[in-house]
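give me coordinates for this.
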Amino acid sequence: ALVCAFAVGRYSLARRQRRSLPRQWLLMARPVLNSDERRTMRMLREGLPQYIVLAKLPLVRLCQPRDPRRVRYWFDLLGSLHVSFAVCSPNGRVIAVIDLEPERGVSRRASKIKQSVLDACRIRYLSC
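Model prediction:
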């Protein structure tokens, strides 16, 4: 009985801790690209008209684990990282990634992870 009461109490606590959805969504739209990114996007599209240029992609969209049992590990490691632009062939294969470094810089660890992932996937990487 004590174990059952503990389980019910824990379940109730977990339900209360889960965030409820807001009644009003006090949000507004914002541009996806800042002025530097818009300028770079324009230059890439003009300079590479035969390719597709995608902006602000999560790094996990550019790779997949060889071992499907390791999906959680790789997602936990890579899930928070993004790239500024991906240059793709018309069939969607990523050929190169271009990262614009923010003014505050990028951590050495994040840079190493991106470089290593893209090297493993044979995707050219340019950071500027």
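
for this protein, which segments count as strands?
52-58, 82-88, 94-99, 124-127 (DSSP state E).

in TSV: those strands, plus mean neighbour count, mean pLDDT and distance to Ala29.
(Glycine included, C-beta is placed from N, CA and C.) Shown next, in TSV, are the strands of the chain (neighbours: other Cβ atoms under 10 Å; pLDDT from 0 to 100; distance: least, Cβ to Cβ, whole Å):
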stretch	mean neighbour count	mean pLDDT	distance to Ala29
strand 52-58	16	96	15
strand 82-88	20	96	19
strand 94-99	19	96	25
strand 124-127	14	94	29
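
among those strands, which comes closest to Pro68?
strand 52-58 (18.7 Å; Cβ to Cβ).

okay, now the sheet partners of that closest one, with direction.
strand 82-88 (antiparallel) (DSSP bridges).

residues making contact with the strand it pairs with?
Residues external to strand 82-88 that are found in contact with it (Cβ atoms under 8 Å, 6 or more residues apart in numbering): 37, 40-41, 44, 48, 51-59, 62, 94-100, 114.

mind doing that once more with 10 Å?
With contact meaning Cβ atoms under 10 Å, 6 or more residues apart in numbering, strand 82-88 is reached by 33, 36-37, 40-41, 44, 47-48, 51-62, 92, 94-102, 110, 114, 117-118, 123-128.

try stretch 26-44
51, 53-56, 84-85, 87, 96, 98, 100, 102-103, 128.

mind listing what the most centrally placed residue in the chain touches?
Residue closest to the average C-alpha location in the chain (Cα atoms, centre = their mean): Pro58, at 2.0 Å. Residues near Pro58 by Cβ under 10 Å, 6+ apart: 75, 78-83.

buried ones only from the residues you listed, please, as a PyMOL command.
Applying 16 or more other Cβ atoms under 10 Å to these leaves a buried subset, and the PyMOL line that selects it is:
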select buried, resi 78+81+82+83
